[in-house]
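> Okay, sequence plus prediction incoming.
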Amino acid sequence: MKALSTQLSFFLGNKEIKRNLPLLFKIIGVLIAMLVVFTVIFHMIMVYEGQKHSWITGLYWTLTVMSTLGFGDITFHSDLGRLFSILVLITGIIMVLIVLPFAFIRFFYAPFLEEQIRSRAPRSLAPETESHVIICSYDAITPGLISRLERDNIEYVLIEEDPTAAANWISDGIKTVVGEVDNKETYSRIRASQARMIVANRDDMMNTNITLTVREVAPNVPIAAFSSDHNARDILELSGATHTLPLKQWLGEQLANRINVLNSKLHFIGEYETLKIAELSVQDTPLCGKTIRETKLREETGLTIVGVWDRGPLRTARPNMLLTDSSVPVVMGTESQFDKLQALIEGGDANDTPVLLIGGGTVGAAAARALAAQNVDVHLVERDRKRCNNLAGDCVTVFPGDAADYELLSEAGITEAHAVLLTTNDDAINVYLAAYCRRLNPKTRIVSRITHERNIEALYRAGADFVLSYTTLAIDAISAILKDRKLVVLGEGVDLFARKLPLSLEGKTLAASGIGALTGLNVIALKKDDELITNFLPTLELEHDMELLLVGSDEEVHKFSEIFG
């Protein structure tokens, strides 16, 4: 009875059902009226033919003919009666077999099922829920962010305003609650005051509203708010946002940072505790043309080569991997160790040829400013003349027009440029331009923005040396905040992981563990008693309470967990 009363309350409370019921009843009323009229006409024609039947028989005949059953036990003998039978039959086909089922499904059954689905989505979390991440919207970043949170065993919940959409997310395995992001009751019900973080991933104005609303019920919870406009950062911070993430600006700066590696000097891209991470082009250095084993980099400097970029995804460093002119190793170690490497590669001249920047939107503008701050000459190619005028101060030369125009690209210096930076938000255009620029200048370094993960391989095949997406940057930024460490962006699909040593590996040597062979992960450091060990041999025995510092993809980490526990 309780379940029935609950269903009935949902049914009666549905506005669409309440609105549709009168129309459904009208259709049923029309059908009943037709039954009465046809029954009366049946008797009149039967009297005309000299037959006599009861009113129940007349109703029975009408129902059997309209439902197309037509038992044939009662028939007319005149043409008038047969014409009437045809009329009743056609009307029955239309009303009983078409109109009535459609009306029932459309106006009653479908809304009822929708209400059933809506009722499945919760509107609150259990009182004991804590240390969870609250995501305020489902967007392009959300799937990857959820995957990262699940990988790191961090609880999360997604806020969805539409109950039907919330039910669909739940069906897909996404933890979702129904609520309005600008309603403080929503945050009270999902235990915002006990949350680990709130991710405000809407537009600037809505994120400001979210921040102010959250602060009413959770004054101290960390809030990470996305910001698309430079002026919005101050407003978000004044509203109470703990972290403002100007992702498009950061994306432009990250892409620009990947350009400078061709200046032969070490280019630092991040830190992990006392360790620094840098990229280095081996072109015109003693490292070029040698395998990683032959470089003796670890023996001479203590540094670890984490991986190597070589016109494709980051490849795990292997002893027999050959370093070519296009190779860009990612190196990790202490500051003193990098000083030794700097002395080893000293003598290269900085490349003073310009960087060709294609696209002057928000990301392109941020990249232009970052390069200008490093005194790198930038040649901009952009269709929009207004953008060209806005960036004229940050670029040496601006070329308005289509980047697919050979004469324009030649004038912009594609054949001399030591690097090309693609910042348009259209993957198809970036793939096309990467292939075009690679054909025009086989030696240039091509760095590109990517929007959809599915196009990464296509961009690499087209000739890009390095790609990075808005989504990856956002996920890495949030992950860094949650782990209370500095942002380290190694590249698309690659991350830095810290994992406690599984029991299955205790007592084994690093070589015998088979971590690299079985999972593809690269062990770049070990941590014991708060001390990082970077210079170690494969014969090192893995001890209890050690922590592994690994580099690889999410899939490789998942494989690590499956194999070693």
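Ah, there it is. Residues are numbered from 1 along each chain as shown.
> Any regions of the stretch 1-150 of the chain where pLDDT drops low?
By pLDDT under 70, the weakly predicted segments of the stretch 1-150 of the chain are 1-17, 71, 115-119.
> just the strands in it please.
Assignment of strands within the stretch 1-150 of the chain using DSSP state E, counting those that start in this stretch yields the ranges 133-135.
> what's the answer for the stretch 401-550 of the chain, then?
Listed in chain order, the strands found in the stretch 401-550 of the chain under DSSP E, counting those that start in this stretch are 419-422, 445-450, 466-469, 495-500, 522-528, 531-533, 547-552.
> partners of the longest one in the sheet?
The strands that strand 522-528 pairs with in its sheet are strand 531-533 (antiparallel), strand 547-552 (antiparallel) (by DSSP bridges).
> Can I get the strands of the stretch 401-550 of the chain in a markdown table including mean neighbour count?
Placement of C-beta: from N, CA and C, glycine included. Conversion of these to a markdown table gives the following (neighbours: other C-beta atoms under 10 Å):
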| stretch | mean neighbour count |
| --- | --- |
| strand 419-422 | 28 |
| strand 445-450 | 27 |
| strand 466-469 | 25 |
| strand 495-500 | 17 |
| strand 522-528 | 20 |
| strand 531-533 | 12 |
| strand 547-552 | 22 |
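> Quick one, which of those gets closest to residue 144.
Each of these was checked against residue 144 via C-beta to C-beta, and the shortest separation belongs to strand 466-469, namely 9.1 Å.
> Name the strands paired with that closest one and say parallel or antiparallel.
As defined by DSSP bridges, the strand partners of strand 466-469 come to strand 445-450 (parallel).
> And residue 389, its phi and psi?
As for residue 389, its main-chain torsions (degrees, to the nearest 10) stand at phi -70, psi -40.
> Give the helix, strand or coil label for the residue nearest to it when sequence neighbours are not counted.
Counting by C-beta to C-beta, 6 or more residues apart in numbering, residue 389 lies nearest to residue 398, which is 8.0 Å off, once chain neighbours are set aside. Secondary structure for residue 398, judged by DSSP: H, G, I helix; E, B strand; the rest coil, is strand.
> circling back: will you turn the strands of the stretch 401-550 of the chain into JSON lines that also has distance to residue 248?
Compiled in JSON lines, those are given as follows (distance: least, C-beta to C-beta, whole Å):
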{"stretch": "strand 419-422", "distance to residue 248": "14"}
{"stretch": "strand 445-450", "distance to residue 248": "10"}
{"stretch": "strand 466-469", "distance to residue 248": "11"}
{"stretch": "strand 495-500", "distance to residue 248": "21"}
{"stretch": "strand 522-528", "distance to residue 248": "30"}
{"stretch": "strand 531-533", "distance to residue 248": "34"}
{"stretch": "strand 547-552", "distance to residue 248": "27"}
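> Please look at residue 214 and residue 240 and confirm they touch.
Yes - using C-beta atoms under 8 Å, residue 214 is in contact with residue 240, at 7.4 Å.
> what about the two, which has more around it?
Neighbours were counted for residue 214 and for residue 240 using other C-beta atoms under 10 Å; residue 214 has more, 28 against 19.
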